[in-house]
Structure formats: structure tokens, C-alpha cells
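>>> can you look at this prediction? I've put the sequence above it.
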Amino acid sequence: MKKILVDSDIILDLLAERAQFYDNAAKLLTLAYEKKIEVFATAVALANVFYILRKIRGNEAAKNQIRNLRLLVRVLPLTENTVDLSVNSLFSDFEDGLQYFAAKENAIPAIITRNTVDYKEKGIVVQTAEEYISGWRL
């Protein structure tokens, strides 16, 4: 089964139903639901998503959305090594570095994000949801 890490923007596209990005995020998680891919997110991505969702939907609704998401998405830990690699990397955005190195440490070959240009390191495929979905026959 193919493994991917989804960034917080992809999760928010789905849970906050962001109009122009929702369909691709939904298709991506449908692949997880159908057990065609295994989807991961970092704990920090989920924390960021919760923070934004609770402002939009309220605390309990945001918790429920995270609970439901967890049925499809596994959570990657962030270690001291992940933090050290990120802070000493070429990433200008510390969080993007955390995502990248968490994926790398856990042998996840692809990161799905709308923020592809900020991933300067090589060694992991970085794509948008639309790019990733285009490789599947849905």
C-alpha cells in the first residue's frame, strides 16, 4: 500500500470545506477509506488544524472532526531528531521541515501539500493533492 503524509492545508481543505480545494482533498481521503493508500499526518499538523477549526466550528465540533479524521489518518510522532534536522535544514518554514523529516524518518515517500515550493530538500516526492490524484484512476 502506498504511504503519504498530508500537510495541514490538505486536511483543512477537507474539514473546512474550502471550495476550490475540497474535491481533491476528499478524493485523496477516499483513497484512504478504500484502503488504496495509507495516510499519515504529524501531531503538529493536527494541532494546527484543530486550532483553526475550533475558531470556525467551535471546540466540540472541531474535536469531532479530528476524531473522525483519525479513522483514516495515522499520526506520526515528532522526535528530538526531527526537530534538530528541521532547525538545521534549508527550510525557511520550520513546520515544513518538521513534516519533511517526519516523513523521511518513517519511510513515507510522498508529501501532499499545496505548499510545494517551500520543500527545498530532495529525497521525498512533494505534490499537490491534484497532482497525486491525477496518477489514480478514480
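Done, it's in. Residues are numbered from 1 along each chain as shown.
>>> next one: stretch 60-73 to chain centre, how far?
Centroid displacement of stretch 60-73 relative to its chain, using CA atoms, centre = their mean, to the nearest Å, is 14 Å.
>>> for stretch 96-103, same thing?
How far stretch 96-103 lies from its chain's middle: 10 Å, per CA atoms, centre = their mean.
>>> which residues touch that stretch?
Residues outside stretch 96-103 that contact it (CB atoms under 8 Å, 6 or more residues apart in numbering): 5, 7, 40, 42, 44-45, 76-78, 81-83, 85-87, 89, 91, 108-111, 113, 115, 118-119, 121, 124. All C-beta atoms are positioned from the backbone trio N, CA, C, and that covers glycine.
>>> any regions of this protein where pLDDT drops low?
Low-confidence segments of the chain (pLDDT under 70): 1, 137-138.
>>> what segments of it are strands?
In the chain, the segments counted as strands under DSSP state E are 2-6, 37-42, 73-76, 110-112, 125-127.
>>> redo those strands as a markdown table? Include mean neighbour count.
Listed next are the strands of the chain as a markdown table, based on neighbours: other CB atoms under 10 Å:
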| stretch | mean neighbour count |
| --- | --- |
| strand 2-6 | 21 |
| strand 37-42 | 21 |
| strand 73-76 | 17 |
| strand 110-112 | 23 |
| strand 125-127 | 19 |
